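Enquirer: sequence? don't have it. structure:
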């Protein structure tokens, strides 16, 4: 018996706003929404497709009443696919992200950022040819 990684759930204050930000970052689209919840992904796989092979997980943003009080123990890493890492950092700042200092030091090859609700993520090396 095995399981598949199907969703990453992010607790947040504004599911619609955070989903819009991450759709722009990842070139995803909204695939489901309900009261206080928005799910985004690259497509909606069927249950059969998920059972047959590893499918890309979706990201679900769920409204929660409490404010964030501690550092996230999980974060996303993204890699630009059609430009430089610095160009992608500039684009993400334009979307509402900010640079974050988590003690990573100046000699790192990645950039730590925060999304509009303060969730940290990293921009890694470019995958562009």
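Expert: Yep, it's here. What you see is a predicted model; the values in this text were computed from it and never measured.

Enquirer: so where's this protein uncertain?
Expert: For the chain, the stretches flagged by pLDDT under 70 are 1-2, 4, 44-45, 50-51, 53-54, 67-71.

Enquirer: quick one: the helices in this protein, in order.
Expert: 15-26, 47-52, 85-95 (DSSP state H).

Enquirer: between those, which one is closest to residue 127.
Expert: helix 85-95 (9.8 Å; Cβ to Cβ). Heads up, the C-betas are built off the backbone N, CA and C, glycines and all.

Enquirer: now the closest one: buried residues?
Expert: Within helix 85-95, the residues scored as buried using 16 or more other Cβ atoms under 10 Å are 85, 88-89, 92.

Enquirer: including distance to residue 38, could the helices of the chain go into TSV?
Expert: Converted to TSV, those look like this (distance: least, Cβ to Cβ, whole Å):
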stretch	distance to residue 38
helix 15-26	4
helix 47-52	20
helix 85-95	16
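
Enquirer: these: which one's closest to residue 5?
Expert: The nearest among these, by Cβ to Cβ, is helix 47-52 at 9.9 Å.

Enquirer: any idea how this structure splits into domains?
Expert: According to automatic domain parsing, the chain comprises the domains 7-63, 76-123.

Enquirer: so which of the helices of the chain is nearest residue 65?
Expert: Among the helices of the chain, helix 15-26 sits nearest to residue 65 (Cβ to Cβ), with 12.8 Å.

Enquirer: who does the closest one touch, helix- and strand-wise?
Expert: The helices and strands touching helix 15-26, judged by 3 or more Cβ pairs under 8 Å, 6 or more residues apart in numbering; DSSP states H and E, are strand 29-34, strand 37-41, strand 58-63, helix 85-95.
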